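1. give the three-dimensional model of this entry:
(one chain, ligands or ions: 1)
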Amino acid sequence: MSARKAALVTGSTSGIGLAVATAFAKAGMDVTLNGLGDAAEIERIRSGLEREAGVSVRYDGANLMKADACAGMVENAIAAHGRLDVLVNNAGIQFVSPIEDFPVEKYDAIIALNLSAVFHTIRAAMRSMKAQRYGRIINIASAHAHVASPFKSAYVAAKHGVLGITKTVALEGATFNVRCNAISPGYVLTSLVENQIPDTMKARGLTREQVINDVLLAAQPTKEFVKVEDVAGAALFLISPAADQINGAALNMDGGWTAQ
Ligand code: NAD
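-> Okay, here's the model as predicted:
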């Protein structure tokens, strides 16, 4: 057990989660990684970060579609690092379809991971955070927590729900020095977005550049992707003392998308 603060970042084997976990480790926190992927590649990431940052970095491969797995992952993180100070709910998936054709199992999967897992991990972490009178919970929401796009019914429903639980937990933790906030990024060029490009090219008969500029970034006034490092910087801010009175908020990082 170390005297360092300890963080758990879900879905941190790639994209935004990996950037957040990397920033936390480099800031001197013990970190639990979680997510799916190739075992050898994940071990390369884990050991590399541990070596580079000089902190304890562990990996838990829990499949967060299941309530028990969410709770078990939190319990194991607390046991391994002796405490849990920061929980970032970041794991998420996307599926795009008109609602009348939307596969029910895809809807269920998106709600399970993008929304219900947020409930299950916080439920498992809250008692310990309240007892130690310190906790910082960050939920990675989306511009789609504030506005909708067609064909994303499950994702938009889940992300709107994430804001609801963020506000509720903020109230429950308020007098225990437990804070709960959301970060709402616009488009970030991770695998989650990259995977949508070929299908959209085919469906609309567009080039890659047209999909990026005329479809993805159409709503983003800066016409630039948000960078994973931007989200990591916002997460570092939300766990800093300067953010002690930020509670139940959603920090929009969408180049102005939701200002329209
Ligand atoms: P990503 O695909 O790079 O990362 C998703 C992570 O979730 C990966 O580590 C993956 O292994 C993990 N994951 C997937 N299924 C899982 C499961 N069943 N159990 C545990 N982990 C699982 O995508 P990303 O863009 O970095 O997305 C991270 C979060 O950011 C998501 O919640 C997403 O909705 C949100 N977000 C992304 C964007 C964007 O444009 N990329 C914009 C707004 C919000």
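2. report all helices and strands that the one helix or strand in the chain whose mean pLDDT sits lowest contacts.
-> Every helix and strand of the chain was ranked by mean pLDDT, DSSP states H and E. The lowest is helix 196-204, at a mean of 87. Applying 3 or more Cβ pairs under 8 Å, 6 or more residues apart in numbering; DSSP states H and E, one finds that helix 196-204 contacts helix 208-210. Placement of C-beta: from N, CA and C, glycine included.
3. mean confidence (pLDDT) on the helix it packs on, please.
-> Per-residue pLDDT values across helix 208-210 average out to 95.
4. starting at the chain centroid, how far to it?
-> Its chain's average C-alpha position is 27 Å from that of helix 208-210, according to Cα atoms, centre = their mean, to the nearest Å.
5. check stretch 57-74 too.
-> 14 Å.
6. hmm, Ala69 is touching Asn63, no?
-> Yes - the pair Ala69 / Asn63 is scored as a contact, 5.3 Å apart, by Cβ atoms under 8 Å.
7. ok, the residue in the stretch 51-200 of the chain that the ligand sits nearest to - contacts?
-> Nearest residue of the stretch 51-200 of the chain to the ligand: Gly92, at 2.3 Å (Cβ to the nearest ligand atom). Listed by Cβ atoms under 8 Å, 6 or more residues apart in numbering, the contact set of Gly92 reads Gly11, Leu113, Asn114, Ile140, Ala158, Leu192.
8. so which of the residues you listed sits lowest on pLDDT?
-> Leu192 (86).
9. check which helix or strand covers that residue.
-> Per DSSP states H and E: Leu192 is located in helix 191-194.
10. buried sites along that helix?
-> Within helix 191-194, the residues that count as buried by 16 or more other Cβ atoms under 10 Å are Leu192.
11. so who does Leu84 touch?
-> Counting by Cβ under 8 Å, 6+ apart, Leu84 touches Ala6, Ala7, Leu8, Val74, Ala77, Ile78, Ala125, Ser128, Met129, Gly135.
12. assumed Glu224 was part of a strand.
-> No - according to DSSP: H, G, I helix; E, B strand; the rest coil, Glu224 belongs to no strand; its state is coil.
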